[in-house]
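1. Quick one, fold the following:
(one chain, ligands or ions: 1)
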Amino acid sequence: MCQKNKFKIALCQTLVEDNKENNIKRVVKLIEEAVDNGAKIISLGEMFNCPYRNDAFKIYAEEEGKSETLNILSSIAKEKGVYIIGGSVPEKEGEKYYNTSFVFDKEGKIVGKHRKVHLFDIDIKDRVKMKESDTFSYGKNITVFDTQYCKVGIAICYDMRFPEIFRIMVQKGVKLIIVPAAFNYVTGPAHWEIIIRGRAMDNQVYFCAVSPARNENESYLAYGHSIICDPFGKILGELDEKEGILYSEIDLDYLEKVRSELPLLKHRRLDLYSVNEK
Ligand SMILES: NC(=O)CCC(=O)C(=O)O
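-> Reported below is the predicted structural model:
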């Protein structure tokens with residue numbers, strides 16, 4: 001029995017190889033397992049169907065309305081009656097490509113679509129180099145959607161380093177934030193946990209980040225460590241770098257308790273916070 005204020009979430013951390021069919025098979029298997037274990041909202045990781053490489057994105061990209069990957073996620077969401085946050089996939093629209101997360105409701109309808117708004121262009125000398133903007137265009141929206149449980153916000157990976165978007169989500173009524181992400185072996189150990197705990201604590205929300213598993217044969221070594229943090233900043237569970245599913249109960253009564261006992265959101269000084277930044 002699932003009450004409206006308490007429900008189980010599952011984060012599926014799957015291995016991604018250079019084979020779309022195999023990647024999708026793995027995802028389907030873990031979603032089915034998560035459903036059998038009572039999960040009501042299930043999320044996948046960033047680029048769950050495609051290696052995280054510029055030379056793969058265009059080859060793997062699909063168009064909304066003609067996408068086999070999205071059709072499969074929609075069918076399982078409908079068949080099993082669960083919400084699926086479809087990690088992210090390379091999306092093609094016209095001549096442009098985006099790093100996009102599609103969200104499916106219990107009828108299999110797309111109820112949310114987030115195109116990554118901060119593209120990961122970094123160069124940590126001799127360690128990690130990536131320039132997503134070589135392939136992708138920038139998304140233009142902050143994305144929230146309704147579920148039967150609460151309002152949910154979605155962002156993708158590098159987006160999580162920009163706190164402004166999460167505060168806006170909370171101003172829109174979000175209580176659960178889900179971020180498909182693929183940090184790496186350098187920035188992951190340094191920043192992953194601290195960012196996630198900070199965003200959860202400042203905004204008094206449940207904050208989940210979902211990674212692919214690490215594939216040692218790939219050039220980009222994902223950090224893994226899918227994680228769920230509660231509104232008090234406590235980590236409720238974290239995986240290692242291998243394939244697996246992370247479960248936790250989301251308790252919206254507990255969230256309200258945290259917000260009423262430590263009323264940070266009410267104590268904001270909105271009269272002080274605006275600046276004309278160029
Ligand atoms: N896929 C990404 O956006 C990676 C972001 C990342 O690793 C970071 O440190 O930020």
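2. can you map out the strands along this structure?
-> Per DSSP state E, the chain carries strands over the ranges 6-13, 41-43, 83-93, 96-104, 110-115, 121-124, 128-131, 143-146, 151-154, 174-180, 206-210, 227-229, 235-238, 244-251.
3. got CSV for those, with mean neighbour count too?
-> Heads up, the C-betas are built off the backbone N, CA and C, glycines and all. What follows is the strands of the chain, written out as CSV (neighbours: other CB atoms under 10 Å):
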stretch, mean neighbour count
strand 6-13, 24
strand 41-43, 28
strand 83-93, 25
strand 96-104, 23
strand 110-115, 20
strand 121-124, 12
strand 128-131, 16
strand 143-146, 18
strand 151-154, 24
strand 174-180, 25
strand 206-210, 28
strand 227-229, 26
strand 235-238, 16
strand 244-251, 18
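4. so which of the ones you listed gets nearest E62?
-> For those, proximity to E62 was assessed by CB to CB; strand 83-93 is nearest, at 6.6 Å.
5. If you count contacts, what does that closest one end up packed against?
-> Judged by 3 or more CB pairs under 8 Å, 6 or more residues apart in numbering; DSSP states H and E, strand 83-93 is in contact with strand 41-43, helix 54-60, helix 68-80, strand 96-104, strand 174-180.
6. Quick one, which of these gets closest to A34.
-> Comparing the helices and strands packed on strand 83-93 under CB to CB, the one sitting nearest is strand 41-43, at 4.9 Å.
7. what's the closest one in contact with?
-> Residues outside strand 41-43 that contact it (CB atoms under 8 Å, 6 or more residues apart in numbering) are 7-12, 31, 34-35, 82-85, 87, 147, 149, 152, 176, 178, 180, 208, 210, 250.
8. How about the residues of the protein by the ligand?
-> For the chain, the residues in contact with the ligand (CB under 6 Å from any ligand atom) are E46, F120, C157, Y158, R161, A182, F183, N184, T187, H191.
9. mind running it again at 8 Å?
-> Residues of the chain found near the ligand (CB under 8 Å from any ligand atom) are 46-47, 52, 99, 116, 118-120, 122, 128, 130, 132, 156-161, 181-184, 186-188, 191-192, 223.
10. Now, of those residues, which are buried?
-> Neighbour counting by 16 or more other CB atoms under 10 Å classes 46-47, 52, 99, 116, 118-120, 128, 130, 132, 156-160, 181-184, 187-188, 192, 223 among these as buried.
11. among these, which are in helices?
-> T187, G188, W192 (DSSP state H).
12. Run a quick neighbour tally on E261.
-> Using other CB atoms under 10 Å, E261 has 8 neighbouring residues.
13. cool, D36 as well?
-> 9.
14. hmm, back to that, the helices and strands packed on strand 83-93: which one's closest to I24?
-> Judging the helices and strands packed on strand 83-93 by CB to CB, what sits closest to I24 is helix 68-80, at 6.0 Å.
15. Which strands or helices does the closest one pack on?
-> Counting contacts by 3+ CB pairs under 8 Å, 6+ apart, helix 68-80 packs against helix 20-36, strand 83-93, strand 96-104.
16. quick one: contacts of that helix?
-> 20, 24, 28, 31-32, 35, 49, 62, 64, 82-84, 86, 89, 102, 104-110.
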